[in-house]
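> model this:
(chains A and B)
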Amino acid sequence: MRKKGKIAFWFLLPFLIVFILFRLGPSIAGIFIGFTQWDFTGGVKFAGIANFQNLLKDGYFGISVKNTLCFLLITVPSLVILGLLFAALLNKKIKGRNLGRTIIFSPYVIMPAAVGIIWNWIFDNNFGIFNYYLGIIGIKPIEWLTSGKWALFSVSIVTVWSLVGYNMILYLAGLQGINNELYEAAKIDGANGFQTFIKLTVPMLRPVTSIIITLTLINTVQIFDQIYVMTGGGPGTATLTMVQYMYNEAFQNFNLGYGSAIGFMILLFLIILVTIQSKFLKSEV
Amino acid sequence: MKFSKIFLLSILLIIVIAITGFSVGSAAPIQVDYWVGFTGPDRDVMKSLVEEFNRTHPQIEVDMMSLQWSPLFSKFMMEVRGGTPPDILTMHLFEMGQFANAKLLDVKMVKNVGLKKADYSPKLWNASMYNNVQYAVPLDYQMHGLFYNKEIFGKAGITAPPATGEELIKIGQKLTIDKNGKNASETGFDPQNIVQYGLGMMNNHHGFYMWWGLMNQEGENKTFTATMKKATFNDAKAAKAWTYLKDLVFKYHIVPKGEKSPYDDFKVGKVAMLIDGPWEIPGLDKVTDLKYETAPVPQVFEHNGVWGANTLLTFPVKAKSSKQQAAVTFVKWLTDNSAAWAQCGMIPAKLSTLSEVKKMPHREAFVSETDYVDFLPPLPKAVQVFSSVAPSPILTASQNVLLNNEPVREVVVQMKKDIDTVLTSN
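Just a heads-up that it's a prediction; the model follows:
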């Protein structure tokens, strides 16, 4: 047993080194940098809580929090519900289910920047395929990415399209872990398909759902590339999310201290959301 | 045993040759790191110039790295922190102030190039200075101009491009056609079903650049200065300039609402005119069916005025560098051979190249704007004020006017406030 543990340790070691060097270390350093004034060109000065005080007064940070919340409100429920529905459908022994799984999962493996470029064309006001079909059925063209009213919704659609396959796979694993005898018992009791799904499948998947919501929250809050490529945070500030704003401050304006403070706020934001959702799901059990 | 000895000796021999062999016979060329923000046809032209230099200067090897401007400077700052900046970095005047202020640019190296003031126009020469010190070598300049589709003009019976703001609207309306064939000046015109627009223009940071040009036309070209601590431009004039641009979209319908790519729209004839820069010339020349010409940006207000930018070659400060002379040699060669650079559309900074450039198709209109072109100033915080990424003051203002149709007075107040916030921040 001890020998097995040693072997496992050596297998894990390369990952641990990379994780500590490139994820954990910078994350901890980022928290400290959030308390400094560091403009990249000069030295580092301790700034106390000044960056955080400035964040509270910063209108654009407020906008980025609001946009991030709206973005999560659209994407997270869609990703969880659609992931579950696709998984339930493609868990059945239907024709072409492997093809269906591949089609739904494949956007997940496309590079986010490429996703952004593809959807830029799809959403194009003049030549985009969406507006083309809308025109055929007599609906006026929509300014998907260039109108403040539509842009956040449009980037949300793209996020759902690209991430839903991942949730579907997690749900499929969860579905395959449910004992078949439970379904047989439900059938004997006279439950129809819909009742079985609502009263049996959904409750049995609650632990998986909890993990999926947590992962989806983390993944969607961190979405950067697609939005950067499609709208750059605009038009105006319509799609300016917290991550976009953090990037802009840290790497565009070279305010590393302020950017790190935003990063710290994103972490807090995520901890709060994940805590709320886990408590909510626990109370339901 | 014998085989293993031979094998080991062979490996040793290969290693020895690899380490010493190439350096003993001939001296390795000095490698110069040259970072540029050219990502369109300009990259290809610069690449061929670099190849030409490398071919004719075997003792030096220039290694060009190309990135979009914003990531280029992010990478540059990272490398500065890491102590490995490039030997040569391209930038514009407005970006130079911030880097010069941070003491990241080497002034001595610029002197070593041995530039002559008489080789440049005073405007271009001054646009390589910050606080009366020359921090850069001028390479080129560029500005907005008007591209127009000659075929569409001919079909509509229009013989000359618009020269004034009124003409731009009038011609733009005539060339904006709905699906019933009515133009934007006719009664019964349906703005919801337009099949051809009069004008294409960018609604990103270039929206601000157009506003900048119009502010110049209103005589407000002295309010943005390198030493400014506060935005002091005239609100009424600022609103007037934004209103003119906004009306082109929302009142006269001659610019497509929410236009994503005016350049592509112009290429396929979806828009009859385009306000853009000379960097588009090589791409447009490749479109075989497109017959176009260029003209100066119309004069909308009292004076002539247009936004412009200039590309500069700078030498980042390096703790230790044995490549300085090689970098200087390349920059000198590049400026001496800058006439070839005009192939990418940009206008070389050296006066001696202008007569050649004027002869090239579509360039003359741009060259004719030289006298009144106005560059963004090298504010110490220019990278933030003039950033092309949200929520920069200029991008937010441009998109709120041209895309979100927000009241211009509110946009002007917000833009001023945002610029002041950046300028007064630590």
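> Distance-wise, check the residue lying farthest from the centre of chain A relative to chain B.
In chain A, the residue that sits farthest from the middle, by CA atoms, centre = their mean, is A:I188; the gap is 40.1 Å. From A:I188 across to chain B, the span is 58 Å (CB to the nearest CB, to the nearest Å). Any C-beta I mention is one placed from the backbone N, CA and C, and that applies to glycine too.
> Just give the number of residues close to the closest residue to B:K318 other than its chain neighbours.
Of all residues not flanking B:K318 in the chain, B:P85 sits nearest, at 6.3 Å (CB to CB, 6 or more residues apart in numbering or on different chains). Applying other CB atoms under 10 Å in any protein chain shown, we find 25 residues neighbouring B:P85.
> Ramachandran angles for B:D87?
Per-residue torsions, B:D87: phi -80, psi -30 (degrees, to the nearest 10).
> Who are the contact partners of it?
Going by CB atoms under 8 Å, 6 or more residues apart in numbering or on different chains, B:D87 touches B:32-34, B:315-316, B:318, B:321, B:323-324, B:326-327.
> Where does the nearest residue to it once chain neighbours are set aside sit, in terms of helix or strand?
Distances taken as CB to CB, 6+ apart put B:A327 closest to B:D87, at 4.2 Å, once the chain neighbours are dropped. Applying DSSP states H and E as the criterion places B:A327 in helix B:324-336.
> Please identify the buried residues of that helix?
Of the residues in helix B:324-336, B:324, B:326-331, B:333-335 count as buried by neighbour count, 16 or more other CB atoms under 10 Å in any protein chain shown.
> Stretch B:134-149 too?
B:134-149.
> pLDDT averaged over it - what is it?
Average pLDDT, stretch B:134-149: 97.
> For the stretch 151-285 of chain A, list the residues in contact with chain B, please.
In this structure, the stretch 151-285 of chain A approaches chain B at residues A:231-240, A:244-245, A:248, A:251-254, judged by CB under 8 Å from any CB of the partner chain.
> Could you rerun that using 7 Å?
Contact residues (CB under 7 Å from any CB of the partner chain) of the stretch 151-285 of chain A with chain B: A:232-237, A:240, A:244, A:248, A:251-254.
> and if you look at the stretch 1-150 of chain A?
A:37, A:40-41, A:60, A:124-126, A:140, A:143, A:145-148.
> Report the buried members of these.
Buried among the residues of the stretch 1-150 of chain A next to chain B (16+ other CB under 10 Å): A:37, A:40, A:60, A:124-126, A:143, A:145-148.
> Spatially central residue in the chain, please.
Since you didn't name a chain, this refers to chain A. Compute the mean C-alpha point of chain A, and by CA atoms, centre = their mean the closest residue is A:T220, 1.8 Å away.
> my bad, chain B
When CA atoms, centre = their mean is applied to chain B, the residue found nearest the centroid is B:A309 (5.7 Å).
> Can you tell me the closest non-neighbouring residue to it?
Leaving aside its chain neighbours, B:A309 sits nearest to B:H92 (4.9 Å; criterion: CB to CB, 6+ apart).
> who touches stretch B:259-277?
A:124-126, A:145-146, B:142-144, B:146-149, B:152-153, B:172, B:175, B:196-203, B:210, B:256, B:280, B:284, B:287, B:290, B:297 (CB atoms under 7 Å, 6 or more residues apart in numbering or on different chains).
> And what about B:T225, helix, strand or coil?
Assigned with DSSP: H, G, I helix; E, B strand; the rest coil, B:T225 falls in the coil class.
> How much space separates it from B:N131?
If you measure B:T225 against B:N131 using CB to CB, to the nearest Å, the figure is 12 Å.
> do B:I158 as well
From B:I158 over to B:N131 (counting by CB to CB), the distance is 48 Å.
> do A:K4 as well
From A:K4 to B:N131 the distance is 68 Å (CB to CB).
> Which one's more surrounded, the two?
Between A:K4 and B:N131, B:N131 has the larger neighbour count (other CB under 10 Å), namely 11 against 8.
> where along the stretch 301-426 of chain B do the strands fall?
For the stretch 301-426 of chain B, the strands defined by DSSP state E, counting those that start in this stretch occupy B:306-314, B:347-348, B:373-375.
> For residue 119, which non-adjacent residue is closest in space?
Just so you know, I chose chain A. With sequence-adjacent residues excluded and distances taken as CB to CB, 6+ apart, A:W119 is closest to A:V158, at 4.7 Å.
> that's the wrong chain, I wanted chain B
Distance criterion CB to CB, 6+ apart; nearest residue to B:D119, sequence neighbours excluded, is B:K350 at 5.4 Å.
> Run through the bridge partners of the one you found.
Beta-bridge partners recorded for B:K350 (DSSP bridges): B:Y120.
> can you count the residues close to it?
By other CB under 10 Å, 23 other residues sit near B:K350.
> likewise B:I281?
25.
> Return the residues in contact with it.
Here B:I281 is in contact with B:345, B:362 (CB under 7 Å, 6+ apart).
> Quick one: mean pLDDT over the longest helix along chain A.
When chain A is parsed with DSSP state H, its longest helix is helix A:59-91. For helix A:59-91, the mean pLDDT works out to 95.
> And that helix, what does it pack against?
Secondary-structure packing of helix A:59-91 (3 or more CB pairs under 7 Å, 6 or more residues apart in numbering or on different chains; DSSP states H and E): helix A:97-105, helix A:151-176, helix A:206-221, helix A:242-247.
> Centre of the chain to that helix, how far?
Relative to the centre of its chain, helix A:59-91 is centred 7 Å away, using CA atoms, centre = their mean, to the nearest Å.
> do stretch B:339-355 as well
Centre-to-centre, stretch B:339-355 and its host chain are 15 Å apart (CA atoms, centre = their mean).
> Where does A:L240 sit: helix, strand or coil?
coil.
> nearest residue to it other than its sequence neighbours?
Ranked by CB to CB, 6+ apart and with sequence neighbours excluded, the top spatial neighbour of A:L240 is A:G233, at 4.1 Å.
> Low-confidence ranges, the chain, go.
By default, I'm working from chain A. Applying pLDDT under 70 to chain A flags residues A:1-2, A:41-42, A:282-285.
> wait, chain B
Where chain B drops to pLDDT under 70, the residues are B:1-26, B:320-321, B:426.
> residue contacts, the nearest residue to B:I394 once chain neighbours are set aside?
Distance criterion CB to CB, 6+ apart; nearest residue to B:I394, sequence neighbours excluded, is B:F208 at 3.8 Å. Going by CB under 7 Å, 6+ apart, B:F208 touches B:394, B:397-398.
> circling back to that earlier point, verify the contact between the residue nearest to B:K318 and B:K75 for me.
No: proximity of B:P85 to B:K75 does not meet the contact threshold set by CB atoms under 7 Å, at 9.7 Å.
> Tell me the residues on chain B that lie near chain A, please.
Within reach of chain A by CB under 7 Å from any CB, chain B has these residues: B:70, B:74, B:77, B:81, B:102, B:104, B:192, B:256-260, B:265, B:270, B:383-384, B:387, B:389-391, B:395-396, B:399-400, B:403-404, B:426.
> Drop anything exposed from the residues you listed.
Buried members of these, scored by 16+ other CB under 10 Å, are B:70, B:74, B:77, B:102, B:104, B:256-260, B:265, B:270, B:383-384, B:387, B:389-391, B:395-396, B:399-400, B:403-404.
> Narrow those to those in helices?
Under the assignment DSSP H, these contribute B:70, B:74, B:77, B:265, B:383-384, B:395-396, B:399-400 to helices.
> Was I right to think B:N310 contacts B:T90?
No: if you go by CB under 7 Å, B:N310 and B:T90 don't touch, sitting 10.6 Å apart.
> anything in contact with each of the two?
When CB under 7 Å, 6+ apart defines a contact, no residue borders B:N310 and B:T90 alike.
> And the two? Which one has more around it.
Of the pair B:N310 and B:T90, B:N310 is the one with more neighbours under other CB under 10 Å, namely 26 against 23.
> residue contacts, the closest residue to chain A within the stretch 201-350 of chain B?
Nearest residue of the stretch 201-350 of chain B to chain A, counting by CB to the nearest CB: B:G258, 3.1 Å away. Contacts for B:G258 (CB under 7 Å, 6+ apart) come out as A:125, A:143, A:146-147, B:403.
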